[in-house]
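**Q** sequence isn't available, so here's the structure alone:
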């Protein structure tokens, strides 16, 4: 059945076009804005005044020359409100940040978790982390955006296949309510946030992109026509248990043989090199740097890392042939190894893909720490929530 857009719907859609364009290109003059969003000057001028009256934008004293008389510029107000971002992808610590509307992290704080902690103690750690984070900070919050290394079933509100056993089949929202009583809570899988970290609400809605995300497992963030694809129950993109050719190892998680997670992640490399305790002790960043030092002089280490690269390339070839994305991105806790692995990944993928020979397959390696990806991804998800719920009006919460 065809839906008919009302005048109110059209006005709101136009306002969002102007607002997101300002976010991406601020400051701008009204004629630039009108050209960018393909609306009349009169419509854009009216929307700009509306945004300024709401405090979402402001006219700036600095004028921009247009060839004739100088025109006043308008700019996005990033500190109108903040999202509170909680990164729970790791089992040993949590990280929290305040992110403004331009998706800039204003401040962050991490908190180490006790071994074998309880849910009650975890909520206590979150409360302490929040209190430390917002100390001496003034502003308004509009939501809490949470990243978890788990499958999130939005229908039931529970987490499945969580890397932290403490969170398995837990309704996380219900527990977070004990700390944040009224604040809207958004929960998302870490791989989905990774792909969100590379998106912009003002970008073309026709983008089709994949993000292969490496942590203790392997996830896949999928963007189709500019929107996150999660599947019927939120389970889409679980790559860790994809079966690989020539792999006969038994998966400790599912009990099956040949899962991708048994050979590809950093943890699998460390186990094969009898260095898993070292990885646990020094962390993924330092361990990746340790491997990089060894690949230049030790053939065994270089061969093992390149074996992971080959298997990644095999999976990318299948993903490209099945989904035909415009770009496949890779990131996660192995990002320091990408300069050494990238050529093998690209060559393997292009050699196996039936379609890569016909088009220019874009593979992008995101060399950025996981916390940074999670903060920006959760911030972008929060901003889209802001667009949907707070414009033209919405509730804010004073810090």
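**A** Structure received. Here the structure is a predicted model, which is why all the values come from computation and not from measurement. Numbers count the residues shown, from 1 in each chain.
**Q** so where's this structure uncertain?
**A** For the chain, the stretches with pLDDT under 70 are 1-5, 62-70, 201-205, 392-393.
**Q** longest helix in it, please.
**A** Assignment by DSSP state H gives helix 299-323 as the longest helix of the chain.
**Q** chain center to it, what's the gap?
**A** Per CA atoms, centre = their mean, to the nearest Å, the displacement of helix 299-323 from the mean C-alpha position of its chain is 23 Å.
**Q** which elements pack onto whichever helix or strand comes after that helix?
**A** Per DSSP states H and E, helix 299-323 leads on to strand 327-332 as the next helix or strand towards the C-terminus. On a contact count with 3 or more CB pairs under 8 Å, 6 or more residues apart in numbering; DSSP states H and E, strand 327-332 meets helix 190-196, strand 209-214, helix 299-323, strand 363-365, helix 370-389. Bear in mind the C-beta positions are built from the backbone N, C-alpha and C, glycine included.
**Q** quick one: closest of these to residue 48.
**A** Closest to residue 48 of these is helix 370-389 (CB to CB; 17.1 Å).
**Q** buried residues in the closest one?
**A** Neighbour-count burial for helix 370-389, counted by 16 or more other CB atoms under 10 Å, picks out 370-387.
**Q** follow-up on the earlier one: nearest to residue 244, out of the helices and strands packed on strand 327-332?
**A** With CB to CB, the closest approach to residue 244 among the helices and strands packed on strand 327-332 belongs to helix 299-323: 5.7 Å.
**Q** and the closest one, what does it pack onto?
**A** Packed against helix 299-323 by the contact rule (3+ CB pairs under 8 Å, 6+ apart) you find strand 209-214, helix 266-272, helix 284-295, strand 327-332, helix 338-352.
**Q** can I get the ones you listed in TSV with distance to residue 200 and mean neighbour count?
**A** Shown next, in TSV, are the helices and strands packed on helix 299-323 (distance: least, CB to CB, whole Å; neighbours: other CB atoms under 10 Å):
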stretch	distance to residue 200	mean neighbour count
strand 209-214	12	26
helix 266-272	29	20
helix 284-295	27	17
strand 327-332	14	22
helix 338-352	23	17
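**Q** out of the ones you listed, which is closest to residue 34?
**A** Between the helices and strands packed on helix 299-323, strand 209-214 lies closest to residue 34; by CB to CB that is 29.2 Å.
**Q** right, and the helix or strand after that closest one?
**A** Downstream of strand 209-214, the next assigned helix or strand under DSSP H and E is strand 218-224.
**Q** what's the offset of that next one from the middle of its chain?
**A** 10 Å.
**Q** make residue 1 into 3 and carry on from there
**A** That works, and once the first residue is 3, the last one we named lands at strand 220-226.
**Q** which of the residues in that strand are buried?
**A** Quick answer for strand 220-226 (16+ other CB under 10 Å): 220, 221, 222, 223, 224, 225.
**Q** same question for stretch 157-175.
**A** 160, 161, 162, 163, 164, 165, 166, 169, 172, 174, 175.
**Q** if we can go back for a sec, what's the closest of the buried residues of strand 220-226 to residue 127?
**A** The closest of those to residue 127 turns out to be residue 221 (CB to CB; 24.4 Å).
**Q** wait, the closest one sits on residue 193?
**A** Yes. With contacts counted by CB atoms under 8 Å, residue 221 reaches residue 193, the gap being 2.7 Å.
**Q** any idea what the residue nearest to residue 130 when sequence neighbours are not counted is bridged to?
**A** Nearest non-adjacent residue to residue 130, counting by CB to CB, 6 or more residues apart in numbering: residue 113, 6.5 Å away. Taking DSSP bridges as the rule, residue 113 bridges to residue 96.
**Q** check contacts around residue 174.
**A** Residue 174 sits next to 148, 150, 159, 161, 189 when contact means CB atoms under 8 Å, 6 or more residues apart in numbering.
**Q** how near is it to residue 323?
**A** In this view, residue 174 and residue 323 are 36 Å apart by CB to CB, to the nearest Å.
**Q** dump the contacts of residue 174 to TSV, plus distance to residue 341 and secondary structure.
**A** Output for these, formatted as TSV (distance: CB to CB, whole Å; DSSP: H, G, I helix; E, B strand; the rest coil):
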residue	distance to residue 341	secondary structure
148	32	strand
150	30	strand
159	41	coil
161	34	strand
189	34	strand
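**Q** between these, which is nearest residue 32?
**A** Of the contacts of residue 174, the one sitting nearest to residue 32 (CB to CB) turns out to be residue 148, at 38.1 Å.
**Q** ok so, going back, including distance to residue 118, could the helices and strands packed on helix 301-325 go into TSV?
**A** Output for the helices and strands packed on helix 301-325, formatted as TSV (distance: least, CB to CB, whole Å):
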stretch	distance to residue 118
strand 211-216	26
helix 268-274	20
helix 286-297	22
strand 329-334	26
helix 340-354	34
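**Q** among these, which comes closest to residue 54?
**A** Minimum separation from residue 54 across the helices and strands packed on helix 301-325 (CB to CB) falls at strand 211-216, 34.1 Å.
**Q** list the strands paired with the closest one, with their directions.
**A** Next to strand 211-216 in the sheet, as set by DSSP bridges, lie strand 220-226 (antiparallel), strand 329-334 (parallel).
**Q** so which of these is nearest residue 354?
**A** strand 329-334 (13.5 Å).
**Q** what's next to that closest one, contact-wise?
**A** The contact list for strand 329-334, computed with CB under 8 Å, 6+ apart, reads 196-197, 200, 211-217, 314, 318, 321-322, 340, 347, 363-370, 372, 375.
**Q** one more time with 6 Å
**A** With contacts defined as CB atoms under 6 Å, 6 or more residues apart in numbering, strand 329-334 is touched by 196, 211-217, 318, 364-368.
**Q** cool, and stretch 76-83?
**A** 24-25, 28-29, 50, 57-62, 102-104, 142, 144, 398.
**Q** from the residues you listed, which land in strands?
**A** Among the contacts of stretch 76-83, DSSP state E puts 59, 60, 61, 62, 102, 142, 144 in strands.
**Q** where do the contact lists of residue 221 and residue 193 overlap?
**A** Applying CB under 6 Å, 6+ apart, one finds that residue 221 and residue 193 are jointly contacted by 215, 239.
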